[in-house]
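Chemist: I need the structure of the sequence given here:
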Amino acid sequence: AEMKKQREFYHKLGMEVPGDIKGETCSTKQHLDSHRNGETKADENINKETSEEKQEEDNDYHRSDEQVSICLECNSSKLRGLKRKWIRCSAQATVLHLKKFIAKKLNLSSFNELDILCNEEILGKDHTLKFVVVTRWRFK
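Modeler: Modelled structure (predicted):
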């Protein structure tokens, strides 16, 4: 319902909806929404998707999601910094995803050794980056 409201809002303003894949039809989105609501009516046109469209969908890697840019700074003298200070990822990624990514880049044995902070406050591992932006960065 939230996505539908967002889509209607941007449509009223005559703007492109952020994160939309160009050429994506509304019927596909309505089909997905109907499955989420428990409806099981199948649209014949959707069932006839070509393998090319499915392959394009599989290779999306959340690039069509709302994106968040993050600056990663190391506050510990025990760890070396990352080569790239900035990353851009889906707003649906969680703090746990970030921890695993950083641990992999720094060749750490466990991601549990890391804490991710925002404004000197430790973030919960299940928080999405969108949640962090809304709750921690709303005045910046």
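Chemist: helix, strand or coil for residue 70?
Modeler: State at residue 70, reduced to three classes by DSSP: H, G, I helix; E, B strand; the rest coil: strand.
Chemist: repeat for residue 133
Modeler: helix.
Chemist: shaky segments in the protein?
Modeler: 20-58, 60-62, 138-140 (pLDDT under 70).
Chemist: any idea where the strands of it begin and end?
Modeler: 67-71, 86-90, 117-118, 121-122 (DSSP state E).
Chemist: what's the angle from the second one to strand 67-71?
Modeler: Translated: strand 86-90. 150 degrees (axes from the mean of the first three to the mean of the last three C-alpha atoms, to 10 degrees).
Chemist: Just the buried residues of stretch 85-97, please?
Modeler: For stretch 85-97, a neighbour-count test (16 or more other C-beta atoms under 10 Å) marks 87, 89-91, 93-95, 97 as buried. For every residue, glycine as well, the C-beta is placed using N, CA and C.
Chemist: just to revisit the earlier point, now the strands of the chain in JSON lines, with distance to residue 128?
Modeler: Shown next, in JSON lines, are the strands of the chain (distance: least, C-beta to C-beta, whole Å):
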{"stretch": "strand 67-71", "distance to residue 128": "9"}
{"stretch": "strand 86-90", "distance to residue 128": "9"}
{"stretch": "strand 117-118", "distance to residue 128": "13"}
{"stretch": "strand 121-122", "distance to residue 128": "16"}
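Chemist: Any idea which of those gets closest to residue 104?
Modeler: Shortest distance between residue 104 and those, using C-beta to C-beta, is found for strand 86-90: 12.5 Å.
Chemist: Does anything pack onto the closest one? Which helices or strands?
Modeler: In terms of contacts (3 or more C-beta pairs under 8 Å, 6 or more residues apart in numbering; DSSP states H and E), strand 86-90 is packed against strand 67-71.
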